[in-house]
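> let me see the structure of the following:
(one chain, ligands or ions: 1)
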Amino acid sequence: MTKRVLRFAPSPTGYLHVGNIRTALFNYLQAKKVGGEFILRLDDTDKERSTQQFIDQIKRDLEWLGIHWDKVEQQSLRIDRYREVLIELKNKSLVYECFETALELELKRKKQQNQGLPPVYDRSALKLEPEERNLLRDKTESHWRFLLSGETVTWEDEIAGEIKVRTSVVSDPILVKGNGQFLYTLASVIDDADFGVTNVVRGIDHLTNTAVQIEIFKNLSSNAPIFGHHSLIVDSSGENFSKRAGGLSIKSLKELGIEPRAIVSKLVSLGTGDRVDVDKNIDELAQNFELSKFSTAPVRFDKEALGVISRKILSTLDMGQISEYLGFIGVPNEIREDFWIMAKENINTKEELVDIWRLCKEGAKNPIIAPEDRQFIEVAIGLIGEYPRKSDSWQILTEELKKLTGRKGKNLFMPLRNFLTGKSDGPDMKKLFPLIQKIQNFQSS
Ligand code: GLU
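Residues are numbered from 1 along each chain as shown. Got it, this is the predicted structure:
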């Protein structure tokens, strides 16, 4: 059997978002499952919009999520190869030179639309006489289009089933822009052929591209990969996620403290009907990965759910998995375990531990105490005593207060929690109180 080769091919013109990562996972997990090769291909022929900063961020995001590539390829470094293939296509008269400006093309499209015609390029450049072409060449930049056959392209899609696209209703695609930029359509075919890519999974929005690319593969006498087109992710209002929907960029989710495993497990189950399995790591997910479980119907993605999954994952971490982070935020070794047991059920993100630790170290800042509770809190302050405390110091304190003030239940616990933490809810006071090192003054409301 031939070795499977898959790739993820982002353009480094923006941050990766959950939609991109879903595509990356479809390819990565398939490669991983069968011990195949996984290539990170950077589609960076657009010099103006591609940046090194985005390339670095893409790599950071993938690594953070546990998606590791076997090699990186970069389209901007392969322009000579693309030129070579362009010459081959020119020699076969499969590409033709066009001179229309963007504005002219736009006007043509408008006219066709007004006449109720599909906005397909009219191939007027093919009708130019050689002299006309020479004249135009002196005046303006030319771009190159691929001459589609007009036939129906058919393929067996791994997700969508049999697909037929009539290329007679598709514009001949531009392969090279007036400024000399090679466009994705051709560059991707050459790369997939040269790197021996066997399978490509990408969004259903690429169907037409696929038909066009299959024609190009044929004309270059290369085997087209097996294609699969997955559904697109929509938000709660049914809108497609675009690259510019920064709110769901991987970078922003990381900054919010979402666990990488929450993102991966959510995306792998999305659209399958399977429950989110937070217990499996990415390698285990790969073993169970089946493309046939997915469909082409749009899937809704709920950002809130990530917080819930993340919380679930965090609560299962043991000391070995969290100790380093606790050390990083300053929790001393000898109380790390007690601190984690106290805090773990109360956080959606690791970052929230920072505030809980600050509370332990510095006490609540100026908690507001109602006038009717002031005297009670003053009695409490007299009893609280110095840090370090014992594991039963909360029981001792509250028993004592009950005796002295006659208060009990909510009347006793709420003002005390408010005073000690500045909040009316949070971790179990029995576990939290022994870790509180300082008591601050309070304000009267
Ligand atoms: N750069 C293309 C994109 O991000 C790659 C598509 C493909 O997988 O072929 O849409």
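> C-alpha only now, for contacts and for neighbours.
Will do.
> just say helix, strand or coil for the residue in the stretch 201-350 of the chain positioned nearest to the ligand.
The ligand sits closest to Arg202 of the stretch 201-350 of the chain, with a gap of 5.1 Å, by C-alpha to the nearest ligand atom. Put simply, Arg202 is strand when judged by DSSP: H, G, I helix; E, B strand; the rest coil.
> who does it form a beta bridge with?
For Arg202, the beta-bridge partners are His229 (DSSP bridges).
> so it sits against Thr210, correct?
No: using C-alpha atoms under 8 Å as the test, Arg202 is too far from Thr210 to be in contact (9.8 Å).
> where are the low-confidence patches of the protein?
241-247, 444-445 (pLDDT under 70).
> now do 50
243-244 (pLDDT under 50).
> ok, now which ones touch the closest residue in space to Leu432 that isn't next to it in sequence?
Closest residue in space to Leu432, ignoring its immediate chain neighbours: Met342 at 6.1 Å, by C-alpha to C-alpha, 6 or more residues apart in numbering. Counting by C-alpha atoms under 8 Å, 6 or more residues apart in numbering, Met342 touches 427-428, 431-432.
> list the buried residues in the helix or strand hosting Met342.
Taking DSSP states H and E as the definition, Met342 sits inside helix 333-343. Under the neighbour-count criterion of 16 or more other C-alpha atoms under 10 Å, helix 333-343 has 336-337, 339-343 buried.
> Thr405: which of these is nearest?
Compare each of the buried residues of helix 333-343 with Thr405 using C-alpha to C-alpha and the shortest gap goes to Met342, at 28.1 Å.
> ok, back up a step: if I look at the residue nearest to Leu432, how far off is Lys431?
5 Å (C-alpha to C-alpha, to the nearest Å).
> contacting residues for Thr405?
Going by C-alpha under 8 Å, 6+ apart, the list of residues near Thr405 reads Phe376.
> which phi and psi does it have?
Note on Thr405: backbone dihedrals following degrees, to the nearest 10 are phi -110, psi -10.
> the longest helix along the chain - contacts with which helices or strands?
In the chain, assigned by DSSP state H, the helix with the most residues is helix 18-33. Using 3 or more C-alpha pairs under 8 Å, 6 or more residues apart in numbering; DSSP states H and E, the elements in contact with helix 18-33 are strand 5-8, strand 37-42, strand 199-203, helix 260-269, helix 282-287.
> what residues does it touch?
By C-alpha under 8 Å, 6+ apart, helix 18-33 touches 4-8, 10, 36-38, 67, 199-203, 230, 232-233, 241, 248-250, 263-264, 267-268, 283, 285-287, 289, 291.
> packing partners of the helix or strand where Ile381 lies?
In this assignment (DSSP H and E), Ile381 forms part of helix 371-384. Here helix 371-384 touches helix 393-405, helix 409-421, going by 3+ C-alpha pairs under 8 Å, 6+ apart.
> switch the cut-off to 10 Å
Applying 3 or more C-alpha pairs under 10 Å, 6 or more residues apart in numbering; DSSP states H and E, one finds that helix 371-384 makes contact with strand 368-369, helix 393-405, helix 409-421, strand 443-444.
> got the contact list for that helix?
368-370, 393-394, 396-398, 400-401, 404-405, 407, 411-412, 414-416, 419-420, 433, 439-445 (C-alpha atoms under 10 Å, 6 or more residues apart in numbering).
> could you redo the last one with a cut-off of 6 Å?
Helix 371-384 is contacted by no other residue when judged by C-alpha atoms under 6 Å, 6 or more residues apart in numbering.
> also stretch 167-176?
Here stretch 167-176 has contacts from 120-121, 143-148, 150-152, 182-183, 186, using C-alpha under 6 Å, 6+ apart.
> at 7 Å instead, please
Outside stretch 167-176, the residues that touch it by C-alpha atoms under 7 Å, 6 or more residues apart in numbering are 120-121, 143-152, 182-183, 185-186.
> can you give me the buried ones in it?
For stretch 167-176, by 16+ other C-alpha under 10 Å, it's 167, 170-176.
> likewise stretch 320-329?
Buried residues in stretch 320-329, counted by 16+ other C-alpha under 10 Å: 322-323, 326.
> then stretch 360-370?
So, applying 16+ other C-alpha under 10 Å, buried residues of stretch 360-370: 360-361, 363-369.
> and the two most separated of these?
Pairwise across those, and taking C-alpha to C-alpha, the largest span is found between Lys361 and Ile369, at 20.8 Å.
> with secondary structure and distance to the ligand added, can I get the buried residues of stretch 320-329 in TSV?
As requested, the buried residues of stretch 320-329 are exported to TSV (DSSP: H, G, I helix; E, B strand; the rest coil; distance: C-alpha to the nearest ligand atom, whole Å):
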residue	secondary structure	distance to the ligand
Ile322	helix	35
Ser323	helix	38
Leu326	helix	38
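> can you redo those as a markdown table with distance to Phe217?
Putting the buried residues of stretch 320-329 into a markdown table (distance: C-alpha to C-alpha, whole Å) gives the following:
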| residue | distance to Phe217 |
| --- | --- |
| Ile322 | 50 |
| Ser323 | 53 |
| Leu326 | 54 |
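> you'd agree Trp69 is in a helix?
No: judged by three-state DSSP, Trp69 forms no part of a helix; its state is coil.
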